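In: need coordinates for the following:
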Amino acid sequence: MIATLANQWSVCDSGYGYKTDDWYRTGYKARDPGGTVSYRAFVAEIASRYKDDPTILAWQLMNEAEDRTSESGSCPSDAAQVLKTWATDVSGLIKSIDPNHLVSLGTLGGGPCGTSSTSFRSVHDIPTIDLCEVHDFGQPTSPVPGDQWNGMQAELNFCSDLNKPLFVGETAIAAEDVGGLQVRADEFSAKFSAQFNAGVVGELAWLWSPFDSTGYDIGPGDSTLAVLGSF
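Out: Next up, the predicted model:
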């Protein structure tokens, strides 16, 4: 498993809520309003508790990390450096406690604040960050989405320069957007083939459901399950 230590968004993380620029600068060291300790102290506690657990592949510092003044606000001019300083601190803390597991920063890819273009390379150029990560939403029929500055291929190139593998932590296609479950399965297959050939080392499909296959959900009997099994 990849253990996600916090969420950029307020979903599942209502205490801190959306992580603002102030949070990345200093707020992550302050007590979580919805908890008992700070994010930083929580990370240390969890890493210590599970440092010898062989079921963990990696720690993800933040799901879809970005640095904005607010959820609808602007990008600070030093957003990349703010993210890098935070990631250096927290990934270094984890490695000092748990040298056994990989660490992913947890970036979305595609150019959010602090990770646009060459900033994506910069924030991953940290010795205690082992993996690069992107997510693939919103372009269901594009096998390797994005442009020459913020596309998946550009991010693969940046990480190749750093000799670090890149995996797709969320690949999502809504069946309704492409014409049904079998068409979606075919689009997943096209994405996986193209992305593995481009250099991606792993894919996680969004989102398993034990109930049905509406929206992004992949439920029992879904054609996509056979595609996942074939890779």
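In: can we go C-alpha only for contacts and neighbour counts from here?
Out: OK.
In: check residue 222 and give its pLDDT.
Out: As predicted, residue 222 sits at a pLDDT of 98.
In: what about it, distance to residue 136?
Out: 20 Å (CA to CA, to the nearest Å).
In: who has more neighbours out of these two?
Out: Remark: of residue 222 and residue 136, residue 136 carries more neighbours, 26 against 16, as counted by other CA atoms under 10 Å.
In: which residues does that one contact?
Out: Residue 136 is in contact with 145, 168, 170-172, counting by CA atoms under 8 Å, 6 or more residues apart in numbering.
In: can you pull out the strands in this protein?
Out: With DSSP state E applied, the chain shows strands at 2-4, 58-60, 102-104, 132-136, 166-172, 202-206, listed in chain order.
In: deepest in the core, which of these is it.
Out: strand 132-136 (a mean of 26; mean count of other CA atoms under 10 Å).
In: for that strand, list the C-alpha coordinates in CSV.
Out: What follows is strand 132-136 as a C-alpha-only set of coordinates in CSV (Å, rounded to 0.1, in the frame of the first residue of the first chain):
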residue,chain,number,x,y,z
CYS,A,132,7.6,11.1,-8.7
GLU,A,133,3.9,11.0,-8.9
VAL,A,134,1.2,12.4,-11.2
HIS,A,135,-2.6,11.9,-11.5
ASP,A,136,-4.5,11.5,-14.8
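In: and the spatially most central residue of the chain, what is it in contact with?
Out: In the chain, the C-alpha nearest the mean C-alpha coordinate belongs to residue 106, at 3.4 Å (CA atoms, centre = their mean). For residue 106, the contacting residues are 60-65, 132-134, by CA under 8 Å, 6+ apart.
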